[in-house]
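Asks: After the sequence you'll find the predicted model.
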Amino acid sequence: MKNVFTIIVISFVVLSTVHVRAEKTDYFFAPEIIFDSTIPTPEEFLGYEIGSRITEHSRINAYYEKLAELSDRTSLIEIGQTHEKRKLYVLIVSSSENIKNLDRYKEVRQRVRQGEKPDSPLIVFLGSAVHGNEISSSEAALLSAYYYVAAQNDFVKKQLEEGIYFIDPVRNPDGQERFASWVNSNTSVNTCNISQFDREHTEGWPRGRGNHYWFDLNRDWVNIVHPESKARVAFYQDWLPHVQADHHEMGTNSTFFFEPTDPDGNESRFVPQSTYQLNRLFADHYAKALDKIGSFYYTKESYDNKNPNFGSTYPDYNGGVGILFEQGSSRGLKQESDNGIVTLPFTVRNQLVTSIATVDAAIAHREALFDLQKEFFTPLRGREASKSYIIGDSYDLSRLHKFVQLLLDHRLEVYENSNDVTIDSVKYEKGKSYLIPAGQANSALVGIIFDDIKDYEDASKLGYGAGFSVAYSTGLSYNVTTSLSRGARIQALPQVYTGSLQPLEYAYLVDYRDSKSQQLLFRLLEEDILVKSAFKPFSISTDKGVKDFSYGSLLIPVKNQTISSSELYAILKELAEQEKIDIIPVSTGLNVKGVDLGSSAFKRIEKPKVLVVTGGDVSSLEAGEVWHLFDQQLKYPLVRVDFNVFGRVPLHEFNRIVFVSGNYSFLNESDIDNVKNWVRNGGVLITLNGASRWAITNKVVTARFAERPDTAAQKQDVNIRSRSFERFATSIFQTKIDLEHPLAFGLTSAKLPVVRESALFLAPSSNAVSVYTDDPLLNGYISAEHLERLKNSASILAYNSGRGSVILFAEDPLFRGIWDGTSRTFVNAVLFGNNISGR
């Protein structure tokens, strides 16, 4: 095997003690390709050979700017910016004539949505490095751009006439820059260490895979939580490409993967079979390209083709063909592997030749790609054509409108609900609910967003997940109807905020059922405004009549503040306008029904001082979700403390500590005792997902794990592949939450869907705030053994300990930044954790 690999990578990898020799441009391209000498090669522009260092995102952008300056084959588009304000470029390459007509073709492409087959060039989207530390594809994007801009061969010119090609060189610039800095600053100058244990190859926490907030952007195509995704989805929907290539890296000991994936269990029921047939046809082109340069590869054995949040599957749900590529990574410049020595130039060349092969394959199967889009966007007929999803909320229009805006961002059809209607005891009000036709042109994307499948036949081939419903993540009530007539189609959401706050000298109230009230509350606490929360419901007269207020409603007294009434009014007016939420002035504390405003049922909300542990073996994904929540949504300061510093932190300076999933073995017995004492002295410890296991194991609380079923039940699932008992395919489940508990404040339905991917089962107890139902699976898969343990187990546990409390979540309530329903419970834990009732 070693000799074979030496032949593959030729002579540019010699001895481990010799620095890797990067390859000149002629290594990457076939000798028959003729290039325009007036166009600089990447090597000439950058001043170094590709593969001798990691090219930073800023330099890649600079090279693209130079190409756009020199060539009439190009148009360089800035589609958006990252959190760190890096430009998101897409280089459009085609014939000069096509470039002149881009605006016309962009308009023509929208006819696809009407089931037409418009006369336009082929559209191919080449995407790289959505995981910032998978950099061979971003280096290859320099070369593919050069190839299509500078190549003078007639067959290349013909391809440029027949198609428009988008090259997105770095889909995660913030993460890519982080990784480039790591490798470039840890690479030796005169030698190259190929050991997998060398610092160059062991990237530090949080690593470059995630974006600024450490999120995985390859799980965000449907969710659109981040600006990178918002920009990219908008660009994608503007053009509806026929093909999207999604280039990644995998473990160093692997070779090269391209689709098709395993058809058993990895094909979506919403996607036409012709999509997967094209995957198989394209595979022939990739095999020939890699055979030609002697590179090994494999297909079908792994990877998931169902999750719509992947860059390789989102196209499948939008009438295109998405293709995943995975290259065994050098994770630096050069590293040993089971297949021999892997070098960066070698990995770059594989990514390059498959990028070029994608265009070749698309040209070869042009008619089939156009036919696929026509088939895909033809509206459904029969019963499915009359079916619609109805979704609404009478109190939380902010959350409802956020979800509807997500649908609009994906260019889906949404209509007003013209009548008040009750379905399964849930009332959907006119103006506060919407209809989404299941049989609209893009029925596939609607189908997966409202997915309810839970009858997977082969559990061993579930891939990365089984439950994909975004609708459940909202926590909103929705149902299926075939009888309701649609109102007007929604083009833009109506403005809910009235903007009519008037000053009064008594008090102001905020309905906590509006999810924006949490953001408003944190802004008020940051301003040191005294705010109380209603632990009992009430009704009161306002200038707009009698209004009902539920659990958690906010009371802002005018008196006993540290500022004057006029200053308070000015702050409230400004924040109401910024957050677009109604604040209601009242002139009396005497309520029509329920407790009066002076009752002890109104409890002062403590200003949170929040710490989250980071670094080491702590989950960067979950820690990033906490950071993103506080910074982007709540706009409230959060202190991130690395694991190796935690033992030196004066805990008394904080009143909230958050532990996310991870390995907390760095905490010795003394550290754990300090945490327990801190809780007893009034602190609130919140543990998420795997951290709750740590809290129980270390006796921070007296909670127990749910018992395993008997061995007979366990044997029922021996055919399932050897999944760890710690994890299973991401799926969605139903819980029932106590609406009177402070952690549920603001929620209006006791039914609360949750997502989980870990096999942590908490035994039910009197301390349970939320429990799984007796039939919990909503979307996805769970084995018979796990199901028995999950039934009626606890989802959230809340314990008093001295003057403080410990709150355990069995799941990650902030999953991917999209689970708005469960995130409310986490925020409530931060706000009201010191006011939970002992049970």
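Replies: Noted; the coordinates are in hand.
Asks: How about the contacts made by the residue lying farthest from the centre of the chain?
Replies: The outermost residue of the chain relative to its centre, with distances by C-alpha atoms, centre = their mean, is Leu590 at 46.4 Å. Taking C-beta atoms under 8 Å, 6 or more residues apart in numbering as the definition of contact, the neighbours of Leu590 are Asp596. Every C-beta, even on glycine, is put in place using the N, C-alpha and C of the backbone.
Asks: what's the distance between it and Pro118?
Replies: Distance, Leu590 to Pro118, using C-beta to C-beta, to the nearest Å: 67 Å.
Asks: Any chance of the backbone angles for His628?
Replies: The phi and psi values for His628, taken as degrees, to the nearest 10, are phi -60, psi -40.
Asks: The nearest residue to it once chain neighbours are set aside - how many residues pack around it?
Replies: Leaving aside its chain neighbours, His628 sits nearest to Tyr213 (4.1 Å; criterion: C-beta to C-beta, 6 or more residues apart in numbering). Neighbour count of Tyr213, defined by other C-beta atoms under 10 Å: 22.
Asks: Help me confirm that Tyr213 is found in a helix?
Replies: No - counting by DSSP: H, G, I helix; E, B strand; the rest coil, Tyr213 is not found in a helix; it is coil.
Asks: centre of the chain versus stretch 410-418, how much separation?
Replies: Between the mean C-alpha location of stretch 410-418 and the chain-wide mean there is a distance of 23 Å, by C-alpha atoms, centre = their mean, to the nearest Å.
Asks: does Leu407 count as helix, strand or coil?
Replies: Per three-state DSSP, Leu407 ends up helix.
Asks: could we number from 5 for the rest of this?
Replies: OK, 5 is where the count begins now, so the last one is Leu411.
Asks: wait, isn't it in contact with His405?
Replies: No - taking C-beta atoms under 8 Å as the definition, Leu411 is not a contact partner of His405, at 10.6 Å.
Asks: what residue lies at the spatial centre of this protein?
Replies: Within the chain, and using C-alpha atoms, centre = their mean, the residue nearest to the centre is Asp224, at 3.5 Å.
Asks: List phi and psi for Ser762.
Replies: Comment: the main-chain dihedrals of Ser762 come out as phi -130, psi 150, following degrees, to the nearest 10.
Asks: is it true that it touches Ala695?
Replies: No - proximity of Ser762 to Ala695 does not meet the contact threshold set by C-beta under 8 Å, at 10.9 Å.
Asks: Now the common contact residues for these two.
Replies: Common neighbours of Ser762 and Ala695, counting by C-beta under 8 Å, 6+ apart, are Ser665.
Asks: The two: who's more crowded?
Replies: Between Ser762 and Ala695, counting by other C-beta under 10 Å, Ala695 is the more crowded of the two (24 against 19).
Asks: Would you mind measuring from Ile327 to Tyr438?
Replies: Between Ile327 and Tyr438 the distance is 34 Å, computed by C-beta to C-beta.
Asks: Kindly report the same for Ile544.
Replies: The span separating Ile544 from Tyr438 equals 31 Å under the rule C-beta to C-beta.
Asks: do Leu410 as well
Replies: Counting by C-beta to C-beta, the separation of Leu410 from Tyr438 is 12 Å.
Asks: Likewise for Val653?
Replies: For Val653, the distance to Tyr438 (C-beta to C-beta) stands at 47 Å.
Asks: So between these two, which is more surrounded?
Replies: Here Val653 and Tyr438 are set side by side on neighbour count (other C-beta under 10 Å), and the busier one is Tyr438, at 25 against 16.
Asks: Next up, the contacts around the more buried one.
Replies: Tyr438 touches 394-396, 404, 408, 418-421, 494, counting by C-beta under 8 Å, 6+ apart.
Asks: which among these gets closest to Arg211?
Replies: Val408 (35.1 Å; C-beta to C-beta).
Asks: So what's the residue count around that closest one?
Replies: Residues within reach of Val408, counting by other C-beta under 10 Å, total 20.
Asks: And for Asn190?
Replies: Asn190: 16 surrounding residues under other C-beta under 10 Å.
Asks: OK, contacts around it?
Replies: For Asn190, the contact set (C-beta under 8 Å, 6+ apart) comprises 203-204, 336.
Asks: Most neighbours among those, which one is it?
Replies: Of these, Gly336 is surrounded by the most neighbours, 30 neighbours in total, counting by other C-beta under 10 Å.
Asks: who touches the closest residue to that residue other than its chain neighbours in this structure?
Replies: The shortest distance from Gly336 to any residue that is not its chain neighbour, by C-beta to C-beta, 6+ apart, is 4.4 Å, and that residue is Glu204. Neighbouring residues of Glu204 by C-beta under 8 Å, 6+ apart: 187, 190-192, 197, 335-337.
Asks: Filter those residues down to the ones in helices?
Replies: Helix and strand membership here follows DSSP state H; of the contacts of Glu204, those in helices are 187, 190.
Asks: hmm, which two among the contacts of Glu204 are most spread apart?
Replies: For the contacts of Glu204, and using C-beta to C-beta, no pair is farther apart than Ser192 and Arg335, which are 15.3 Å apart.
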